[in-house]
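Visitor: sequence? don't have it. structure:
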């Protein structure tokens, strides 16, 4: 009974902290230098229709809105805002009563007017992010805290990496260091420091070395891919380095997941049967690998594919064929998916071999 009340108190405390977070973020306009307005009234009128490239018609709308300023020197004053948007909302957005928006305010006589810069989304992000953290702690308890610590650590690694790159650092060297930090930090923070995690780290780094060696071999003998359709091409000095950096980081998490699973399973088999031979151990690990390989490949495919859908549909809507999209606009995603998929497949035998060697050596030393 005592434990029940303790658990219930902890639940109420976490839910209360979550609600306080939402309350704080919803009232944090004073933290921003940019002027923020809350929309109180919206009038929408249709201004016309235009014919698209494929013969379809798209409606155009104009909004006249009233709002109240939440910060700045005119805080509390009323302001008039205008907005134009299309039905598809590709390059514009429809606003609703209650939305908070970033604006550029100006004074015309006694009236205030402004131009909308964008929607204030931190409340939605706090709601979703806070819910994730709340569920992690409630469902997985201590492991959830370790998971949150890992996410904070990895975010910090990204921030430090970007900082050094913007200071003029070499992109490939920075990414190599980031890979080491991600691998050691994620595996040791989530799983502790013991032989199985050492085996998982070694397996991950071995797989990473193999796929990067394959990448450099293919690039050396068959030439670089065509970077002319690469996004943000005009803002980078060396697109080949950027593509290599993307390959290095894209599937690292999936490879780590496979390595940790195989290492944990192999360690458990050796613990229960210390005299198990290598061949039966390899076969057992391979069966476990078969169970997770398809899921990991599907996750990788969905991750890469989901980011392509908006641009893919927009280009097809402008009479760019399906094959042209694949040939000219998504070769980098295809290359990354194939390379990381090879890494996931290779992670199974490499993880079994590395785990078997390290853990078997430990058993022999104990004997």
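Guide: Yep, it's here. Just so you know, these numbers come straight off a predicted model, no measurement behind them.

Visitor: switch to C-alpha atoms for all contacts and neighbour counts from now on
Guide: OK.

Visitor: which stretches of the stretch 101-250 of the chain form helices?
Guide: For the stretch 101-250 of the chain, the helices defined by DSSP state H, counting those that start in this stretch cover 122-140, 142-166, 171-191, 195-222, 239-250.

Visitor: that should have said the stretch 251-367 of the chain, apologies.
Guide: For the stretch 251-367 of the chain, helices defined by DSSP H, counting those that start in this stretch occupy the ranges 252-272, 278-306, 309-317, 322-324, 331-366.

Visitor: so the first one versus helix 278-306, what angle?
Guide: On the basis of axes from the mean of the first three to the mean of the last three C-alpha atoms, to 10 degrees, helix 252-272 is oriented at 160 degrees to helix 278-306.

Visitor: please shift the residue numbers so they start at 38 in all later answers.
Guide: Will do, 38 is the new start, and the previous item becomes helix 289-309.

Visitor: starting at the chain centroid, how far to helix 289-309?
Guide: 24 Å (C-alpha atoms, centre = their mean, to the nearest Å).

Visitor: same check, this time on the second one
Guide: With C-alpha atoms, centre = their mean as the basis, helix 315-343 stands 21 Å off its chain's centre.

Visitor: what's the answer for the last one, then?
Guide: Distance, stretch centre to chain centre, for helix 368-403: 23 Å (C-alpha atoms, centre = their mean).

Visitor: next one: the shortest one
Guide: Helix 359-361 sits 27 Å away from the centroid of its parent chain (C-alpha atoms, centre = their mean).

Visitor: what is the mean pLDDT for that helix?
Guide: If you average the pLDDT over helix 359-361, you get 80.

Visitor: export the helices of the stretch 138-287 of the chain to a markdown table and tack on mean neighbour count and mean pLDDT?
Guide: Listed next are the helices of the stretch 138-287 of the chain as a markdown table, based on neighbours: other C-alpha atoms under 10 Å; pLDDT from 0 to 100:
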| stretch | mean neighbour count | mean pLDDT |
| --- | --- | --- |
| helix 159-177 | 15 | 90 |
| helix 179-203 | 15 | 90 |
| helix 208-228 | 18 | 90 |
| helix 232-259 | 18 | 88 |
| helix 276-287 | 17 | 82 |
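
Visitor: format those as a markdown table; extra columns: distance to residue 361.
Guide: Conversion of the helices of the stretch 138-287 of the chain to a markdown table gives the following (distance: least, C-alpha to C-alpha, whole Å):
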| stretch | distance to residue 361 |
| --- | --- |
| helix 159-177 | 36 |
| helix 179-203 | 34 |
| helix 208-228 | 31 |
| helix 232-259 | 22 |
| helix 276-287 | 21 |
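
Visitor: in its sheet, what does the helix or strand residue 75 falls within sit against?
Guide: Residue 75 belongs to strand 72-88 when assigned by DSSP states H and E. Paired neighbours of strand 72-88 in the sheet (DSSP bridges): strand 94-106 (antiparallel), strand 137-145 (antiparallel).

Visitor: dump those strands into JSON lines; add mean neighbour count, distance to residue 219 and mean pLDDT as well.
Guide: Output for the strands paired with strand 72-88, formatted as JSON lines (neighbours: other C-alpha atoms under 10 Å; distance: least, C-alpha to C-alpha, whole Å; pLDDT from 0 to 100):
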{"stretch": "strand 94-106", "mean neighbour count": "18", "distance to residue 219": "43", "mean pLDDT": "89"}
{"stretch": "strand 137-145", "mean neighbour count": "17", "distance to residue 219": "35", "mean pLDDT": "87"}
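
Visitor: list the beta-bridge partners for residue 106.
Guide: residue 74.

Visitor: next one: it from residue 177, what distance?
Guide: 42 Å (C-alpha to C-alpha, to the nearest Å).

Visitor: so which of the helices of the stretch 288-404 of the chain comes closest to residue 82?
Guide: helix 346-354 (25.7 Å; C-alpha to C-alpha).

Visitor: helix 315-343 and the closest one, what's the angle between them?
Guide: 50 degrees.

Visitor: quick check: mean pLDDT across helix 346-354?
Guide: On average, helix 346-354 scores 78.

Visitor: how far does that helix sit from the chain's center?
Guide: 21 Å.

Visitor: by contact count, what packs against that helix?
Guide: Packing partners of helix 346-354 (3 or more C-alpha pairs under 8 Å, 6 or more residues apart in numbering; DSSP states H and E): none among the helices and strands.
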